[in-house]
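Participant: Turn this into a model:
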Amino acid sequence: MFRIITLERECGCGCAGTACELARRLDWKLWDQSLTEEIAKQADVDCGTVEQREERIDGAFYRLAKTFWRGSYERQMPLDSSQTFDADCMVRMMQSITQRIAEEGHAVVVGRGAPYFLRERSDTFRVFLYAPRDEKLRRIIAGGISAKEADDLVDTVDRERMAFIKHYFNADWPTRSLYHVMLNTVVGDEQVIATILHTMRQLESGSSANDASLRGVALK
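Facilitator: Have a look, this model is predicted:
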């Protein structure tokens, strides 16, 4: 029985709306912006600080400076929370929060490494959403972003996500074998949602039938 859905996505493919509707239909908790808020609360920083580091790696200069700082007498200097909260810190917190979410169940979790943190759990249904570039640009612009900004976002956000997954999980992005379904959202939001729910139920039914068959074999 699936108790968690993770949604990984390309920038601009419409994942936020899909996740919200899935959570509504299933009456499950949505963890998207609320994840940002939870991390900010635990780290004692504002949401903007978290958003600057989500699904990104720290710059090469910062990583070099951090290595030097760790070995320097300056490590004793007081720093405020926004200075000590970096990508490594965020990933550690995200792993802890994701595991707690999974234990509670009945959750739809968007991005932030969740499919990788929960890859060993049999109760997690993992989805990857993508779309052609023109479709992604159309959706972003419809959300009130300028055409130039939309073009920049499509070029940079997914590249940052790819680097993030490679750095922290030593995996390709997307890791195709990780997902139960990969869907092109150009088919329409309703079709995407229906396919996710239908596939989940089919897999659950198949698992139940296999379990019953195995029990029958064991009794003979």
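Participant: Going by C-alpha atoms from here, please, whenever you check contacts or count neighbours.
Facilitator: Noted.
Participant: residues contacting the residue nearest the centre of the chain?
Facilitator: Centroid-nearest residue in the chain: Gly111, 1.1 Å away (criterion: CA atoms, centre = their mean). Neighbouring residues of Gly111 by CA atoms under 8 Å, 6 or more residues apart in numbering: Thr6, Leu7, Glu8, Arg9, Asp32.
Participant: Identify the residue spatially nearest to the fourth one, adjacent ones excluded.
Facilitator: Taking CA to CA, 6 or more residues apart in numbering, and ignoring the residues beside it in sequence, Arg9 has Leu129 as its nearest neighbour in space, at 4.7 Å.
Participant: And what about the one you found, helix, strand or coil?
Facilitator: When classified by DSSP: H, G, I helix; E, B strand; the rest coil, Leu129 comes out as strand.
Participant: mind listing what it touches?
Facilitator: Leu129 makes contacts with Leu7, Glu8, Arg9, Glu10, Cys13, Cys15, Met182, Leu183, Asn184, Thr185, as judged by CA under 8 Å, 6+ apart.
Participant: which of the residues you listed lies closest to Ile145?
Facilitator: Of all these, Cys13 has the smallest distance to Ile145: 14.3 Å, by CA to CA.
Participant: can I assume the closest one is in contact with Arg139?
Facilitator: Yes: Cys13 lies in contact with Arg139 (CA atoms under 8 Å); the separation is 7.1 Å.
Participant: Pull the number of nearby residues for Arg25.
Facilitator: Neighbourhood size, Arg25 [other CA atoms under 10 Å]: 10.
Participant: Please consider this matter closed, and thank you.
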